[in-house]
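Undergrad: Next come a sequence and a model predicted from it.
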Amino acid sequence: MAERVLLVEDNEIDRMVATAFLGRLGYETETAADGDRALAMLAAGSYDAVLLDCRLPGRDGFEVAAELRRREGTGPRTPVLALSAAAVAEANRCRAAGMDEVLAKPVTLTTLGAALARWVRPAAAAPRTGGPTPVPAAPTGALDPARLAELRGPDPAGYAELMADLARSFARRGTELLDRLTAAVHRGDAAGAAMEAHALKGSAGNLGAARLAGLAADVERLARRGELTGAREILPGMAAEIGQVRRELAELTATGG
């Protein structure tokens with residue numbers, strides 16, 4: 001019987017990728033998109049591990065972990081692995097909340113498999129590769145071939161389905177995030193701009209859209225400093241890069257590769 005993992009992640013693209021990786025590693029996955037839902041699921045059933053995003057709507061991951069530990073008391077302890085785009089900066093806070101390990105986002109298949117093996121010790125901890133992994137070409141477009149190779153895995157049909165889902169999600173979510181980011185920048189909402197840039201950075205990183213993730217990180221950093229003039233100057237380049245990512249995702253979906 002497969003070990004059960006609760007994945008708590010509000011970012012749809014991050015959730016899709018992590019779920020695909022968990023399935024490839026042999027885990028049964030259930031998902032929650034916010035902290036309150038996660039706590040309800042933890043109260044209703046048991047899990048072999050929890051993958052917990054630190055930044056969630058409503059109760060964040062730190063609050064969820066602290067509440068879980070309060071409920072557990074001195075009883076059995078559920079392994080909680082934090083997912084953080086600022087793993088080094090947030091490591092101490094994660095430990096203080098009762099999390100066991102912090103994984104940097106975007107998480108890789110190898111890192112995820114190794115971490116879960118440490119805490120859950122499944123019967124098959126290593127990913128099923130189906131043969132040697134080809135060496136990817138150097139990046140020439142908006143999407144990193146190394147990340148695409150990691151997403152591909154051993155199942156061509158599963159990869160095609162995953163990429164189709166990711167392309168549809170990004171076509172919608174990428175535009176929505178940029179629109180909200182642009183609106184926040186122009187109305188002078190630095191906190192809102194930082195939040196939207198952070199979400200876009202996460203989605204882009206999981207797809208292997210390194211240039212877009214870098215631009216979003218620049219905007220997030222400037223917004224957290226309140227420097228929205230500098231952030232505004234980056235927005236046209238982000239719009240162009242989002243368009244390129246969408247075109248490359250559509251091409252991958254159309255060709256199955």
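TA: Ah, there it is.
Undergrad: Contact partners for the residue lying closest to residue 101 once chain neighbours are set aside?
TA: Nearest residue to residue 101, sequence neighbours excluded (Cβ to Cβ, 6 or more residues apart in numbering): residue 81, at 5.0 Å. Where C-beta positions appear, they are placed from N, C-alpha and C, glycine not excepted. Listed by Cβ atoms under 8 Å, 6 or more residues apart in numbering, the contact partners of residue 81 are 49, 50, 51, 52, 99, 100, 101, 102, 103, 115, 116, 119.
Undergrad: quick one: stretch 176-188 to chain centroid distance?
TA: Centroid displacement of stretch 176-188 relative to its chain, using Cα atoms, centre = their mean, to the nearest Å, is 21 Å.
Undergrad: Surely residue 31 is in a helix?
TA: No. Counting by DSSP: H, G, I helix; E, B strand; the rest coil, residue 31 is not found in a helix; it is strand.
Undergrad: Relative to residue 146, how far out is it?
TA: Residue 31 sits 26 Å away from residue 146, going by Cβ to Cβ, to the nearest Å.
Undergrad: Which strand or helix spans the closest residue in space to residue 213 that isn't next to it in sequence?
TA: Among residues not flanking residue 213 along the chain, residue 204 sits closest, at 3.9 Å (Cβ to Cβ, 6+ apart). In the assignment (DSSP states H and E), residue 204 maps to helix 190-207.
Undergrad: Would you check that residue 212 makes contact with residue 141?
TA: No. In this structure, residue 212 is not within contact of residue 141 by Cβ atoms under 8 Å, at 11.5 Å.
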